[in-house]
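> Sequence isn't available, so here's the structure alone:
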């Protein structure tokens, strides 16, 4: 077999997505492997944000609302095919935790059961929100083992569980769950199924309709490259929309928003899950990020993602003798687009990597995540990052960095 | 007395805020009187948004979170003096309706009473949200007469009312309520007091601390000129912060956000009312809008606002013989920075005004609002708008526009 360096060069040479790197602003000499936390800036976003601010807002001021008003559902329709949903089933709005709160509350209310099932490895913000939602309904949050299989979940879904809420790709391990089988199990047990697609949207193909999923939320600032803190999205299956009531009844969810009726009457469609005025400048980043992903094609993105993560795993595997553990599934079909390594000195190693301009991120207590963004990450970069990591781990140069913990990202 | 045109010219000549007009991008020939819906674009915002997007995001990517993380509380501290609050009592985050939901839920939970009192003239989104919050607590929303006085409210605050929630300046009538007296009344009756400052912040001096207010929410895209859909803000009095629990327990509210503990533990301070990742690009607009307002000074803004609204009211008063009614209080001490007129053909008149490049807004069923932004509205513009309105009303030229209702803004 060819040496890794030659294989990386060959993979870059035949990479159909390679031209997309030039669609991003990359002027920083960072070996950037944290697109799973914050994606890079697309050049079209520079143009589009300038247009929204310096043309639309500047010259039309309030009159521009004629074109802005349906932004959340318009971009939602563009995003829908990327997650296997249909037009009218997705809206871009609010932050992921707020969307999760709205849909989880609506979901368990509809089932009349008060417990929620998630897994111990789910993102802390998700767990905190789900716990509050269950508790407010008189129930509790039940934790399955991290990155659960159908077999792990099966004994836990009894008649008290109204909602199964899981991250499709784990922020920690990068493990990807079986969306179809778990959704089927939840339904068989009379529970609703909610997927958090924060680490899936734009990174792996998702088939919400095919799975029969009820609800989903997700993030746009990771693999969709929409910009820091850009609004999240939510999905509600079409046939459920008119039957679910979300708790935050703001005017964008009213069936006649500008009628200013005395009473709340929910819109009959996806708009009922909206709340207030969307942040139009941030929405511009979502619009471009979604369009760029659609242009590249989610299947091409997934194919390159698998090749990138496979190369990285192969390159770091020799480091296992230096206390590095790969905690991401080795089977590509079972992982998303980041690879997580564990090392007792994880924080110091992440700091040492940053010092050498390699940007992964650190997750307490001892995890280093390397995210691979097929639209702008090359195979050469991927290999180079693994090599620098190898230098740091083998030389123990990380020991010269203080263990202050809790990085910011 | 001098003719209105000469007085307007004299007022413009002695206007200490006149130089601020040049701090905005104004290239549209609109006679713009809708800053109470969407404020104009400050030139500094063009620069600052470019900097955030094209420098910070582009060149630092995720590393920029080191500077972005406290954005909501940092801008909140800058905003605090504009509403008579102290540092550590204000955060910029989410949308107004979501902030209202969070604080109203926390408020009535703390009092152990389940009814909420507002007024029939409060913004529909506020009424819808408050009704849901009361209902979820097993109570109901009680409606006082529009633009209530202490005397109107007094008989309605019995032992079942946990929260009095009112807009300080009415979106409809422009009436400004007595913040000190109403807060005192609420407290005398054992209720908490929540103020919606959407039409106050940046337009009129607000004295939350002096009033003893418990809670407040507000909007930044109106008189603070922060941009379309920019995040709102919330205020929680310092001594209450550690005692209130808001329902949406996201990671930005955790006392150790990056500790990723299993359990929710609320931050001891204003951060506990945050939820998720703030929209950094939109925050840039808030930062500039707040700074510009602080630079001009809220007292100077208020003085000019009173002069502008007084001139406008005087100029349109002769139109009362043509079925135009001024529904905004004539006493300047009792109004904010917009003037609302009622006319049976309000929608058509608003359309006719737009056709002549005068931009007020229409609120169903028959109200036309004219907003005056002291940082960029001149007295000459104010008078010109009244003259064009007079032409339209007297000539009945508005009759040639269809009555399609529900404008967008």
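Cool, the structure landed. Because the structure is predicted, anything quoted here is derived from the model rather than measured. Residues are numbered from 1 along each chain as shown, chains lettered A, B, ... in the order given.

> Distance of the closest residue to residue A:255 other than its chain neighbours relative to chain B?
Distances taken as C-beta to C-beta, 6 or more residues apart in numbering or on different chains put residue A:267 closest to residue A:255, at 4.5 Å, once the chain neighbours are dropped. Where C-beta positions appear, they are placed from N, C-alpha and C, glycine not excepted. As judged by C-beta to the nearest C-beta, to the nearest Å, residue A:267 and chain B stand 12 Å apart.

> Around residue A:267, how many other residues sit close by?
17 (other C-beta atoms under 10 Å in any protein chain shown).

> Distance of it relative to residue A:252?
Taking C-beta to C-beta, to the nearest Å as the measure, residue A:267 falls 9 Å from residue A:252.

> joint contacts of these two?
Counting by C-beta atoms under 8 Å, 6 or more residues apart in numbering or on different chains, the contacts common to residue A:267 and residue A:252 are residue A:274.

> Now do the same contact list for the residue nearest to residue A:255.
Going by C-beta under 8 Å, 6+ apart, residue A:267 touches A:253-255, A:274.

> For chain A, just list every one of the strands.
Using DSSP state E, the strands of chain A run over A:31-32, A:90-92, A:115-119, A:141-144, A:161-167, A:192-196, A:215-218, A:233-236, A:325-326, A:338-342, A:358-359, A:361-363, A:367-371.

> Using TSV, lay out those together with mean neighbour count and distance to chain B.
TSV is the format used below for those (neighbours: other C-beta atoms under 10 Å in any protein chain shown; distance: least, C-beta to the nearest C-beta, whole Å):
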stretch	mean neighbour count	distance to chain B
strand A:31-32	22	6
strand A:90-92	30	12
strand A:115-119	25	12
strand A:141-144	19	8
strand A:161-167	27	14
strand A:192-196	27	12
strand A:215-218	29	11
strand A:233-236	30	13
strand A:325-326	16	18
strand A:338-342	25	13
strand A:358-359	24	6
strand A:361-363	23	7
strand A:367-371	26	10
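
> Sheet-wise, list the partners of the helix or strand of chain A with the lowest mean pLDDT with their directions.
The helix or strand of chain A with the poorest confidence is strand A:361-363; it has a mean of 92 (mean pLDDT, DSSP states H and E). Note on strand A:361-363: by DSSP bridges, its sheet partners are strand A:367-371 (antiparallel).

> and the partner strand, how far out from the chain's middle?
A distance of 15 Å separates the centroid of the chain from that of strand A:367-371, by C-alpha atoms, centre = their mean, to the nearest Å.

> Rounded mean pLDDT for that strand, please.
Here strand A:367-371 scores 97 as its mean pLDDT.

> angle of that strand against strand A:338-342?
If you take axes from the mean of the first three to the mean of the last three C-alpha atoms, to 10 degrees, strand A:367-371 sits at 160 degrees to strand A:338-342.

> Do I have it right that residue A:195 meets residue A:207?
No: counting by C-beta atoms under 8 Å, residue A:195 does not reach residue A:207; the two are 10.5 Å apart.

> Identify the contacts common to these two.
residue A:179.

> show me the contacts for the spatially most central residue of chain A.
Geometric centre of chain A, nearest residue: residue A:198, 1.8 Å, by C-alpha atoms, centre = their mean. Neighbouring residues of residue A:198 by C-beta under 8 Å, 6+ apart: A:96, A:123, A:167, A:169, A:171, A:217-219, A:222.

> Which residues of the stretch 201-350 of chain A lie near chain B?
Within the stretch 201-350 of chain A, the positions adjacent to chain B are A:221, A:227-232, A:247-251, A:254, A:256, A:258-262, A:264, A:275-283, A:285 by C-beta under 8 Å from any C-beta of the partner chain.

> which of the residues you listed count as buried?
A:221, A:227-232, A:247-251, A:254, A:258, A:260, A:264, A:275-283, A:285 (16 or more other C-beta atoms under 10 Å in any protein chain shown).

> Please convert the contacts of residue A:267 to TSV, extending it with pLDDT and distance to residue A:119.
TSV is the format used below for the contacts of residue A:267 (pLDDT from 0 to 100; distance: C-beta to C-beta, whole Å):
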residue	pLDDT	distance to residue A:119
A:253	96	30
A:254	96	36
A:255	95	37
A:274	98	29
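
> from those residues, which single one is nearest chain B?
In terms of C-beta to the nearest C-beta, no member of those lies closer to chain B than residue A:254, at 6.8 Å.

> ok, now which ones touch that closest one?
A:261, A:264-267, B:124, B:128.

> nearest to residue B:355, of those residues?
Comparing the contacts of residue A:254 against residue B:355 with C-beta to C-beta picks out residue B:124 as the nearest, at 27.3 Å.

> so how many other residues sit close to that closest one?
23.

> Okay, helices next: where are they in the stretch 101-250 of chain A?
For the stretch 101-250 of chain A, the helices defined by DSSP state H, counting those that start in this stretch occupy A:124-136, A:150-153, A:179-188, A:208-211.
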